[in-house]
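Novice: Got a predicted structure here, sequence first:
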Amino acid sequence: METYGGRRGQTERDAITVEIGYALFSAAFAAAVLFGAVAGPALLFELPYTMELLLLRTAMVLAPVLFLARVVSVLVRFRPGRTQPSQPGRTNPDS
């Protein structure tokens, strides 16, 4: 945004849209991989009932938590208007 309280330009809106899409897609992928890794043995092999139940419920709790954590972490790192260092790896312009 150019000024405080001003409207966003098209490029800023596009950047935000792309970042939200990336956050949602990467979070869904990570949650699916986690769910498959935790619940996979219960779905593929014949395990005792309590073990199957434990694995499935653990996966159903952890996958949404990972999804939300991933979305939040991606969107917090992306802050429109935050200036980038002029030289990669350096945070102080005088360094």
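Specialist: Cool, the structure landed. Numbers count the residues shown, from 1 in each chain.
Novice: What's the separation between Tyr49 and Leu56?
Specialist: 11 Å (Cβ to Cβ, to the nearest Å). (Each C-beta comes from the backbone N, C-alpha and C, glycine too.)
Novice: correct me, but Ala27 touches Phe67?
Specialist: Yes: counting by Cβ atoms under 8 Å, Phe67 is a contact partner of Ala27 at 4.6 Å.
Novice: Which residue of Tyr49 and Leu56 possesses the greater neighbour count?
Specialist: Leu56 (15 against 9; other Cβ atoms under 10 Å).
Novice: State the pLDDT value of Leu68.
Specialist: Confidence at Leu68, expressed as pLDDT, is 97.
Novice: and the most centrally placed residue in the chain, what does it touch?
Specialist: Nearest to the mean C-alpha position of the chain, by Cα atoms, centre = their mean, lies Arg70 at 2.6 Å. Each residue near Arg70 by Cβ atoms under 8 Å, 6 or more residues apart in numbering is listed here: 23, 26-27, 30-31.
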